[in-house]
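A.B. asks: Build me a model:
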Amino acid sequence: QEKDGKGSGAKGEKGGEPEIMNDKKMDDVFSDNGLCALGENSVFSFLCDEKFREISGYFQTKKFKAGETIWEEGDSCDYVAIVASGRVEVKKKTEFEGKYVIVGLFNKGAIVGAMCILDDSPRSITAVALEDVSLLVISKDKLEELISSKPEIGVQLLKGMLLSLSMRLRQSFERLAKFF
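C.D. replies: As a prediction, this is how the structure comes out:
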């Protein structure tokens, strides 16, 4: 699927000033948006138990209006996000000026932006809010601090990211195989 780079938000229009949350409010983000209801099959189901209270201070929320660009391909990678509500479209620039290929649509519970946080590269895709979106974000610095100070939980979070990425890669292989 190709799409021109124009959406309802202006090119490069970015929102999402972070909102600092206390432990109670972070619990509400998960329960009120049904993230805990995703069940044991969610790669982040461990965030709904008592361990989440231990790490809630490492997270912030960012909110974006429908059509706003969350980040653009080539931007520096300073956080990874879990979609708390709304839908996010990720797209890759093509060789044709202003044209993109949609590479994913993500709903609540999905992680976005994990690839670059793991390999220190710039953002490889552009992410746009398809509808009003609330993201639960952890900065690269806070992620490293979490891994150092609470290694068991940090490793679980990393495993969740890697599991999510591996499932997407596997799905991509399946889709590619259907073309041949």
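
A.B. asks: now Phe106, which residues is it bridged with?
C.D. replies: Beta-bridge pairing of Phe106 under DSSP bridges involves Val88.

A.B. asks: I'd say it and Val90 touch.
C.D. replies: Yes - contact criterion CB atoms under 8 Å: Phe106 and Val90 qualify, at 7.0 Å. For every residue, glycine as well, the C-beta is placed using N, CA and C.

A.B. asks: okay, and the common contacts of the two?
C.D. replies: Taking CB atoms under 8 Å, 6 or more residues apart in numbering as the contact rule, Phe106 and Val90 both touch Val112.

A.B. asks: what helix or strand does Lys62 sit in?
C.D. replies: Using DSSP states H and E, Lys62 maps to strand 60-64.

A.B. asks: and that strand, what does it pack onto?
C.D. replies: strand 19-20, strand 133-139 (3 or more CB pairs under 8 Å, 6 or more residues apart in numbering; DSSP states H and E).

A.B. asks: residue closest to the middle of the protein?
C.D. replies: For the chain, the residue sitting closest to the mean C-alpha position, by CA atoms, centre = their mean, is Val112 at 2.3 Å.

A.B. asks: how about the residue lying closest to that one once chain neighbours are set aside, secondary structure?
C.D. replies: Setting aside the residues directly before and after it, Val112 is nearest to Ala81 in space (CB to CB, 6 or more residues apart in numbering), at 5.2 Å. When classified by DSSP: H, G, I helix; E, B strand; the rest coil, Ala81 comes out as strand.

A.B. asks: list the buried ones in the longest helix belonging to the chain?
C.D. replies: Secondary structure of the chain per DSSP state H: the longest helix is helix 151-178. For helix 151-178, a neighbour-count test (16 or more other CB atoms under 10 Å) marks 153-154, 156-158, 160-161, 164, 168 as buried.

A.B. asks: Relative to Leu146, which of these is nearest.
C.D. replies: When the buried residues of helix 151-178 are compared for distance to Leu146 (CB to CB), Gly154 wins out at 4.7 Å.

A.B. asks: so that closest one touches Leu143, yeah?
C.D. replies: Yes - contact criterion CB under 8 Å: Gly154 and Leu143 qualify, at 7.5 Å.

A.B. asks: separation between Lys133 and Gly113?
C.D. replies: One correction, residue 133 is Val, not Lys. 13 Å (CB to CB, to the nearest Å).

A.B. asks: And the pLDDT for Cys77?
C.D. replies: Per-residue pLDDT puts Cys77 at 93.

A.B. asks: hang on, the earlier thing: between the helices and strands packed on strand 60-64, which gets the lowest average pLDDT?
C.D. replies: strand 19-20 (a mean of 46).

A.B. asks: Spit out the contact partners of Ile147.
C.D. replies: 154-155, 158.
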